[in-house]
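Asks: Just to be clear, the model below is a prediction. Sequence and coordinates:
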Amino acid sequence: MNSVNNKPQSRIFFGSLRVRAIALVLLAIFPLLGLTFYSYLEQRKEAIREVQRDAIMVARNVAKIQETLFQSASQLFQTLAQLPQVLQKNPAACNLLFNRVIENHEHFLSLLAAYPYGDIFASAPRSSKAINVGDQPWFKEVMRNRDMVIGAPLSGRITGRYSLPLAFPVHDQTGKVMAVLASGLDLEWLGRFIMQANLPKYSILLMVDRRGKVMFRYPDPQKYIGRQLPEIDLIKTMISKGEGVAEGVISGVPRLFGFARLSAPFQDLQVAVGIPQAAAFASVAHNLKRNLIILGLVSLLVIAAAWFGSGFIIVRPLKGLERVTQQLAAGDLTVRAGPPYRSGELGLLAQDFDRMADAIQERDNRLKQAAAELNKRVQELNAAYQELESFSYTVAHDLRAPLRAIGGFSRILLEESSKNLDAEGIRYLHIIQKDIKKMGNLIDDLLTLSRLGRRELRVRDVDMEDLARSVFAELRKKEPERDLKVIFNSLPVGRGDWDMLRQVLENLLDNALKFTRPRVDAVIEIGGEVSDRENIYWVKDNGVGFEMEYVPKLFEVFQRLHPEGEFEGTGMGLAIVQRIIQRHGGRVWAAGKVGEGAKFCFTLPQEEAQGETDTPVGGQT
Amino acid sequence: MSHRRVNILLVEDNHQDVELILRALQKQNLGGKVKVARDGAEALAILFPPGQNGTDLRESLKVIFLDLKLPKVSGLEVLRAIKTDVRTQAIPVVVLTSSPQETDIDECYHLGANSYIVKPLELDDFTQAIAQLGSYWVLLNQTIPQ
């Protein structure tokens, strides 16, 4: 149907306005997607900061509480160290006292008093065995430092629970250590605290001393407590920075840490709280997921809107315009895209289309009018031609018949009744005879001329030289006694109607013979040459010639340049020559000078498709 | 009516031409064997008289000289009638006319004309042409034996 449909389908698909509209929508969605991810990353950073803030806050609180516990333990030890039961090292009274103390202080799991050599003389809860703690590191240290000592955590010998041993020296008046007080500070509260601190699942709490020894860890205290772990990057950072935040992988889980240091004199201890990154990012990831889903749904909606919307807004009006264009192309010039017109570019396009269609229709109308006029003219011409034809028929038939009668009977009169006529009468009859012959020639020439318009050209290669020679020989027979010189140059082969070209050469050579008759040294020359796109032929004579100013008249019908008595002829010969050459698409012209001669030239086109400029319009009747 | 001696049917409306033709035929001693029709209708009436008549004439005819431009029924129509009727189609028809029109020549031959002669203008040529036609078609040419 049309060329558009012959294109590959893929080109139409990717080139279609609809797909382009969707591509535009997708292009607009990409920045939104980028923005979503950017905000996700920002939220992630914020979440990290928030979690770390939480972690460090919890760590500070834990440190603070632990500090407070140490301080209250220190105050308790100072108070006990001044009590007479302790100073007198009275086991029974001390046992009583210690029991009261641990009943009132839940953080103290145990309380004991020992001699400087290590034997315990009082304890709560009470132990039935005699125990020596002289080999304990915290005991050795308190004896050396003579001040409160925080020992390494242990699983209590007495309680079985994790506790932090605290030891305090009791001095006598001389300042000598006379006894050692010790207590197991409960560490499990830390675990409980973390559990109650509303931290995310799998959060951890870590307390270390400055050598990297784990004082407490929640969860799984039994795995870590007492171990030396300074190599862990986190602990190194904690020790070097004191307070801050960090990231690290503990137990295979990436975590965010906040850590704090206890204030003096407990600055050896540090607390860290670790929250799993996954927990920190959970809500952010959830946000991202939600945003992506919303964006996806919105995109689908927008794409659907673009698909159907472009159909309504662009494709449908364009299809309409395309249909109208095809109708116009198919020849229906009355189709229009509007009105009404849409607003915007498509409306303008439709208006422009209609203006174009108007212009085409107007031009078409003008063309049709012109064609109708032309057709009318052709018909008029045809009618005129028919008239001319019937006229020539009349001339041929009706004019010749009476002429023949006049000629015939005047001849019979001359032959059979001349004895009844005088010399003058006979002369008159001869005049009648001569003029009848002349009129007969005139009629013949007229018929020839009118026939030339109707006869179809039978174009073929014509040996012009051969034709000229034979025509000349024929004409020469009429006056064989004449003495004249004829020169035949070589003539190029021409393309044309043999009979008609023969007529041309006959007329031209007949003229040459006729108008050289007064000369004694008559010379007739025939020649031709091949020119650019045509062949030129000429016939030259040294006859009576003519005045150049009369050249235009030469080729007109019935035009004669000489008195009738001087040269015979109808005045039609050159008109016939011109008509024939014109029908061959060639040109005729002449040059001459009075008393010196004339030269007649004509051309024949070389092309096969030579212009038959005026084909017969009437056809056969 | 003695049709027995009629050898030539001359269909010609021009009196002068008739006279010139008859004069030419006279020189061949054929003048008495000519029947003249002045128009096409008359020619058809002579060739196809009402009833069963006309057989004698048709059998004695050796040639028809036919002009083309005739009153009432044209020469072409007469020619068509002669050449489409089984009774006359074997009779030679010589078209004798002033018209050298190619269309006429073409049509006449296609209708079955046996010869097409353009009347010469010169009396000598004309007389000679007619005399030749007469001697050829009547004396020399052999028609279907009766």
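Replies: All right, it came through fine.

Asks: Spatially nearest residue to residue A:593 (excluding sequence neighbours)?
Replies: residue A:545 (5.0 Å; Cβ to Cβ, 6 or more residues apart in numbering or on different chains). (C-beta placed from N, C-alpha, C; glycine too.)

Asks: and that neighbour, what does it touch?
Replies: Applying Cβ atoms under 8 Å, 6 or more residues apart in numbering or on different chains to residue A:545 gives the contacts A:515, A:592-598.

Asks: Apply 7 Å and report the result again.
Replies: Listed by Cβ atoms under 7 Å, 6 or more residues apart in numbering or on different chains, the contact set of residue A:545 reads A:592-598.

Asks: Those residues in strands, which ones?
Replies: Taking DSSP state E, the ones among those that sit in strands are A:592-593, A:597-598.

Asks: Filter the contacts of residue A:545 down to just the buried residues.
Replies: Restricting the contacts of residue A:545 to buried positions leaves A:592, A:597-598, with burial counted as 16 or more other Cβ atoms under 10 Å in any protein chain shown.

Asks: of all those residues, which comes closest to chain B?
Replies: Nearest to chain B among these, counting by Cβ to the nearest Cβ, is residue A:598 at 30.7 Å.

Asks: Enumerate every residue touching that closest one.
Replies: Taking Cβ under 7 Å, 6+ apart as the criterion, residue A:598 is in contact with A:515, A:541, A:543, A:545-546, A:590, A:592.

Asks: nearest to chain B, of these?
Replies: Nearest to chain B among the contacts of residue A:598, counting by Cβ to the nearest Cβ, is residue A:515 at 26.1 Å.

Asks: hang on, that closest one packs against residue A:544?
Replies: Yes - applying Cβ atoms under 7 Å as the test, residue A:515 and residue A:544 come out as touching, 5.1 Å apart.

Asks: Name the residue in those two with the higher neighbour count.
Replies: Just comparing residue A:515 and residue A:544: by other Cβ atoms under 10 Å in any protein chain shown the higher neighbour count belongs to residue A:515, 25 against 21.

Asks: follow-up on the earlier one: switch the buried ones among the contacts of residue A:545 over to a markdown table; also include distance to residue B:125 and pLDDT.
Replies: What follows is the buried ones among the contacts of residue A:545, written out as a markdown table (distance: Cβ to Cβ, whole Å; pLDDT from 0 to 100):
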| residue | distance to residue B:125 | pLDDT |
| --- | --- | --- |
| A:592 | 36 | 87 |
| A:597 | 36 | 88 |
| A:598 | 33 | 90 |
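
Asks: Pull the number of nearby residues for residue A:197.
Replies: Using other Cβ under 10 Å as the criterion, the residues surrounding residue A:197 number 15.

Asks: Give me the three-state assignment for the closest residue to it other than its chain neighbours.
Replies: If the residues on either side of it in the chain are set aside, residue A:197 comes closest to residue A:58, at 5.5 Å by Cβ to Cβ, 6+ apart. Three states are possible here, and by DSSP: H, G, I helix; E, B strand; the rest coil the one that applies to residue A:58 is helix.

Asks: Next: residue B:99.
Replies: Assigned with three-state DSSP, residue B:99 falls in the coil class.

Asks: okay, now it: neighbour count?
Replies: Other residues near residue B:99 number 23, with proximity taken as other Cβ under 10 Å.

Asks: again with the one 4 residues further on
Replies: Neighbours of residue B:103 under the rule other Cβ under 10 Å: 13.

Asks: what's the spacing between it and residue A:503?
Replies: For residue B:103, the distance to residue A:503 under the criterion Cβ to Cβ, to the nearest Å works out to 20 Å.

Asks: Check residue A:464 too.
Replies: Residue A:464 sits 13 Å away from residue A:503, taking Cβ to Cβ as the criterion.

Asks: And those two? Which one has more around it.
Replies: It is residue A:464, of residue A:464 and residue A:503, that has more neighbours when counted by other Cβ under 10 Å, with 22 against 19.
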